[in-house]
Structure formats: C-alpha cells, structure tokens
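> take this sequence and fold it.
(one chain, ligands or ions: 1)
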Amino acid sequence: MEVWHRISFSKKDNIDDILNSLKIEYKKNALPRGYTINFDIAESDSHWPQIMALTREKNGFDWYNTIFTKEEILDAEWVRLMPAFEGGYPQPKNYRKFIQSTYEIGCPRCGAGNRQKVPIRLVKEPNLVEHDFMSVFWTYSLFCGQHVLTELQKNRIQGYEIWPVIVNSTNDHSKVISQVLFPNIAQSALSDDDKIDPECCLTCGTPKYAYLRRGYMHLKRDGLIKEIDCQLTFEWFGGARFREILISHRFAKIIIENNWQGVSLKPIKLI
Ligand SMILES: [Zn+2]
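I've put the predicted structure just below:
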C-alpha cells in the first residue's frame with residue numbers, strides 16, 4: 001500500500017529551482033498568464049516531508065489516493081471497485097434532463113433513493129480504447145465489454161444485473177458495452193472511524209461521508225450480504241452522492257487475473 005500525491009503549483013509559487021535542486025521531475029503546463037507545475041510523489045519518497053511542507057506553505061493543490069498491491073487486493077475478502085475510465089456524457093447532455101429521464105427520483109435535493117428506470121443512452125458507440133470497463137460523467141455507473149460478461153457468467157458471479165445501453169445514432173443496443181447494475185444493498189456496515197466529514201441532506205436527512213482516500217475502508221462483517229459476489233454499501237459517499245461498489249474476492253481475482261483495465265480496486269478490512 002502506498003499513498004500517492006498529485007501536487008500542483010503555479011508560477012507565482014516560484015518552486016522550479018527547489019524542485020530542480022531536489023531532482024524531482026515535473027510537467028510544466030503553459031497557461032495564458034504563467035504555468036502550472038504538476039508531479040506525483042509517494043509518501044515513502046525521502047523528499048515527501050519537504051514537499052508536504054512546501055505544499056502547505058504555498059497552498060499548492062494536493063490530490064492523494066492509496067494504491068494497493070495485487071497481493072493486498074487478493075488477500076481481502078471484499079474489495080471496493082471504483083470506475084476509473086470515463087467515456088463521455090450520457091444523453092441527453094443536460095444534467096437535469098438526464099436525471100429526470102433516466103431515474104425515478106428519490107430525494108430531489110441529494111438524489112438518495114434515485115432508481116434507474118431506463119437504459120442509459122450514449123450519443124454514439126463508445127470507444128473503450130484499451131479498457132474493459134468504463135463509466136460516464138454525472139453517474140457512478142459501470143459498463144463493460146461482452147468478454148467481461150462472458151467471464152463473469154462462466155464463473156457464476158452472483159449479484160449483478162445486465163442492462164443494455166442505447167446508442168442514439170442507431171437508436172439500438174450498443175454492440176460494444178452493457179451496463180452492470182448492483183441491485184443488492186448491504187446493511188449499515190461502515191466503521192465509525194471511516195465516517196469522515198459527515199453531512200446530512202437538508203431535505204431527507206440521509207448522511208453522506210467523504211470519499212475514503214487513505215488506506216483501507218473498514219466494514220462490519222455482519223452488515224454484508226454473504227451469498228453474493230457484489231453489492232452496494234448502505235452508506236453514501238462523495239461530493240455527488242454515490243454508494244460504493246463492493247465485490248467479493250472471487251470477483252476481484254477474475255479482474256486481476258485477466259488484467260482488466262478501467263477500474264481501481266481497493267481492499268477492505270472486515271471488523
Ligand atoms: Zn436528500
């Protein structure tokens with residue numbers, strides 16, 4: 001497990017000489033009035049304490065995430081599956097119209113309880129490039145190629161539904177991808193320590209927590225449904241609310257053995 005930081009500074013931070021002296025490689029992106037400097041650094045890097053101090057001092061942008069080894073993922077009974085490749089906007093390309101035409105609305109303010117009622121539409125057949133999974137903007141949705149479905153069915157993975165995707169240009173089902181939906185929702189299982197920055201919706205009162213970026217998520221074993229291979233958390237996370245997708249060791253092993261791309265896997269500790 002390694003926590004990686006993506007750090008950004010701007011020209012006014014005057015950081016070039018320091019980074020050059022530390023021999024830290026960075027990318028410089030030109031802007032109309034100046035530039036930004038971006039680089040990735042792990043917390044195990046000997047320069048991290050200095051970079052952390054500089055980032056705080058100069059109010060640099062710091063986006064971080066935890067990357068787990070394959071062994072750590074395969075050691076876990078349950079794993080968070082996070083879509084990592086976004087293939088454009090769903091249709092209609094107007095957020096309000098997309099939500100109204102695609103979901104039965106639960107809470108109009110936060111979207112808790114929204115239930116997808118029709119297949120998601122895309123403007124044209126997606127290009128998976130070299131990915132096996134994809135998602136689309138405005139949603140925490142998961143799509144995959146037919147070869148993924150074939151493998152999941154062959155291995156009798158339980159707990160998902162397959163929905164078609166409609167392509168506007170042909171008004172027919174996509175021949176490239178299908179949507180994978182997770183109808184089963186665990187009971188409340190999130191450990192109190194992982195309930196970060198709780199925020200309750202002012203309309204429905206449903207709490208949501210910050211997306212967990214550091215280390216393992218801890219879930220109470222008794223809250224999970226045992227007989228299936230995938231389910232959603234009871235709890236909601238993130239800026240735009242979503243429920244985390246949880247997959248079994250069996251499911252995660254198939255993804256890793258096939259080297260499927262387009263999702264990020266993060267192991268869970270059961271308590
Ligand atoms: Zn609400």
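
> who are the contact partners of the most centrally placed residue in the chain?
The centroid of the chain falls nearest to M82 when counting by C-alpha atoms, centre = their mean (3.4 Å). For M82, the contacting residues are E244, I245, V263, S264, L265, K266, by C-beta atoms under 8 Å, 6 or more residues apart in numbering. All C-beta atoms are positioned from the backbone trio N, CA, C, and that covers glycine.

> try it again at 6 Å.
S264 (C-beta atoms under 6 Å, 6 or more residues apart in numbering).

> and what of the one 3 residues further on?
By C-beta under 6 Å, 6+ apart, the contact set of F85 is H131, M134, G262.

> residue contacts, the second one?
Spelled out, it's M134. Applying C-beta under 6 Å, 6+ apart, the residues near M134 are F85, G87, F143, G262.

> and if we set it to 7 Å?
Each residue near M134 by C-beta atoms under 7 Å, 6 or more residues apart in numbering is listed here: F85, E86, G87, P126, L128, F143, I177, G262.

> just the ones in strands from those, please.
Judged by DSSP state E, the subset of the contacts of M134 located in strands is F143, I177.

> let me know the closest of the contacts of M134 to the ion.
E86 (24.9 Å; C-beta to the ion).

> so what sits opposite that closest one in the bridge?
Beta-bridge pairing for E86 (DSSP bridges): S135.

> tell me the pLDDT at it?
For E86, the pLDDT comes out at 94.

> I'd guess T150 is in a strand, am I close?
No: using DSSP: H, G, I helix; E, B strand; the rest coil, the assignment for T150 is helix, not a strand.

> next one: N14 from the ion, what distance?
As judged by C-beta to the ion, to the nearest Å, N14 and the ion stand 45 Å apart.

> brain fart, P198
14 Å.

> tell me the spacing between that residue and F182.
For P198, the distance to F182 (C-beta to C-beta, to the nearest Å) stands at 23 Å.

> more neighbours, the two?
Taking other C-beta atoms under 10 Å, P198 and F182 do not tie; F182 has more neighbours (18 against 10).

> wait, the more buried one touches L232, no?
Yes: using C-beta atoms under 7 Å, F182 is in contact with L232, at 5.0 Å.

> enumerate every residue touching the residue lying closest to I177 once chain neighbours are set aside.
Excluding the flanking residues, the one nearest I177 by C-beta to C-beta, 6 or more residues apart in numbering is F143, at 4.3 Å. By C-beta under 7 Å, 6+ apart, the residues touching F143 are F133, M134, S135, V165, I177, S178, Q179, V180.

> where do the helices sit along the protein?
16-22, 48-57, 70-74, 95-102, 146-154, 249-257 (DSSP state H).

> can you tell me which of these is most buried?
Among the helices of the chain, helix 249-257 has the highest mean neighbour count (mean count of other C-beta atoms under 10 Å), at a mean of 18.
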